[in-house]
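Chemist: Whatever this is, show me its structure:
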Amino acid sequence: MPTLRQARVSDHGTLVTCVQRWWGDSRSPEQARELSLLLPKLFLQFFSATSLVLEDGTDVRAFLVGFYAVDNDTEAYIHFVGVDPELRGQGTARGLYTAFFQRAAAAGRTEVRAITSPTNAGSIAFHRAMGFDMEGGDREVDGLPVHADYDGPGQDRVCFYKKIAP
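Modeler: Just a heads-up that it's a prediction; the model follows:
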């Protein structure tokens with residue numbers, strides 16, 4: 001039976017390996033490696049208390065890296081979520097998000113934010129199903145509000161927000 005726990009700095013290498021392995025079926029090895037660069041060790045050094053790991057015995061099966069805004073008392077942010085392909089479609093990501101929402105609400109947060117690429121239809125559908133709204137962007141692509149160059153030139157993003165009860 002998988003157990004959910006707080007992330008640890010020592011999880012970093014394992015999570016990077018998971019990203020490269022779990023996304024290896026849909027990306028080239030180089031693309032999977034580039035994706036893992038979105039998860040530098042600093043996220044676990046400074047936000048392990050707000051990040052989650054789902055383990056089954058000694059194997060990591062899923063994780064969520066998130067944190068609470070330091071510039072305000074209301075927002076939380078989900079930065080990266082990974083689920084073992086064997087568990088996808090079984091509510092694992094929903095469970096991670098729900099646990100994060102509960103912990104953020106208990107910490108007095110009232111809004112959770114996340115972003116994704118406008119080409120990531122699965123992520124967009126998932127966030128909508130989880131009750132996230134999309135922020136207005138500076139342009140529209142395929143009916144989606146997009147923030148052009150959000151993460152640098154050519155790195156457009158769809159921005160989500162969800163109100164949660166404290």
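Chemist: only C-alpha atoms for contact and neighbour calcs from this point on.
Modeler: Noted.
Chemist: Please state the offset of the host helix or strand of Ala104 from the chain centre?
Modeler: Using DSSP states H and E, Ala104 sits within helix 92-106. Its chain's average C-alpha position is 11 Å from that of helix 92-106, according to Cα atoms, centre = their mean, to the nearest Å.
Chemist: now it: mean pLDDT?
Modeler: Here helix 92-106 scores 98 as its mean pLDDT.
Chemist: got the buried residues for it?
Modeler: Buried residues in helix 92-106, counted by 16 or more other Cα atoms under 10 Å: 92-93, 96-97, 99-102, 104-105.
Chemist: Among those residues, find me the one that's closest to Asn72.
Modeler: Checking these against Asn72 by Cα to Cα gives Ala104 as the nearest, at 13.1 Å.
Chemist: and of the buried residues of helix 92-106, the nearest to Ala76?
Modeler: For the buried residues of helix 92-106, the nearest to Ala76 is Ala104 (6.7 Å; Cα to Cα).
Chemist: And the strands in this protein?
Modeler: 3-6, 52-56, 59-68, 75-83, 111-116, 133-134, 139-141, 144-146, 158-163 (DSSP state E).
Chemist: Would you tell me which of these gets closest to Glu30?
Modeler: Closest among the strands of the chain, using Cα to Cα: strand 75-83, at 17.7 Å.
Chemist: could you give the angle of the closest one to strand 52-56?
Modeler: 20 degrees (axes from the mean of the first three to the mean of the last three Cα atoms, to 10 degrees).
Chemist: average pLDDT for strand 75-83?
Modeler: pLDDT averaged over strand 75-83 gives 97.
Chemist: same question, stretch 22-29
Modeler: Mean predicted confidence for stretch 22-29 is 83.
Chemist: start to end distance for that stretch?
Modeler: Distance across stretch 22-29, first residue to last, is 11 Å (Cα to Cα, to the nearest Å).
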